[in-house]
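Student: Got a predicted model here, sequence first, then my questions.
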Amino acid sequence: MIQNKRKCIVTNKLIEKDQAIRVAKMKDGSIKIDCNKGGRGAYILKDASLIEDIKKKRHLHKVFKTNVDREVYEELFKIMKEKYGR
C-alpha cells in the first residue's frame, strides 16, 4: 500500500512515513521540524549520513522556495545526529 509512503527530498526514494522526519513551512512562513500540525511538508529519511548532502545542496531552500535560516538546518542536523546518528 502506498498511503503511508512519502518521498524523501534528498534521496528521491519512497519511504515509510515512520522512517522520515517531517519539516513543514507554516502559513506564517516559519519552518518547523517534526511537526504534524499542517503547513507544506517535506520529508527527509532519518539517516545522519544525509546531513552533508542536505547542507551542500540546500534542499529545504528548494522545496519551500524561500530562504531557510541556518538555525533551522542546525536544529535539523542536531536532531538527526542525536536520534539517528551512528
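Tutor: Perfect, thanks for sending it.
Student: counting contacts, what elements does the host helix or strand of E52 pack onto?
Tutor: Element membership of E52 [criterion: DSSP states H and E] is helix 51-57. Secondary-structure packing of helix 51-57 (3 or more CB pairs under 8 Å, 6 or more residues apart in numbering; DSSP states H and E): helix 70-84. C-beta: built from backbone N, CA, C; applies to glycine.
Student: So which residues make contact with the helix it packs on?
Tutor: 21, 23, 31, 33-34, 44, 46-48, 50-51, 54-55, 60 (CB atoms under 8 Å, 6 or more residues apart in numbering).
Student: mind putting those residues in a markdown table, distance to D69, secondary structure and neighbour count included?
Tutor: Putting the contacts of helix 70-84 into a markdown table (distance: CB to CB, whole Å; DSSP: H, G, I helix; E, B strand; the rest coil; neighbours: other CB atoms under 10 Å) gives the following:
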| residue | distance to D69 | secondary structure | neighbour count |
| --- | --- | --- | --- |
| I21 | 17 | strand | 18 |
| V23 | 12 | strand | 26 |
| I31 | 7 | strand | 22 |
| I33 | 12 | strand | 17 |
| D34 | 17 | coil | 13 |
| I44 | 17 | strand | 26 |
| K46 | 22 | coil | 16 |
| D47 | 23 | coil | 19 |
| A48 | 21 | helix | 15 |
| L50 | 19 | helix | 19 |
| I51 | 17 | helix | 19 |
| I54 | 14 | helix | 17 |
| K55 | 13 | helix | 14 |
| L60 | 10 | helix | 22 |
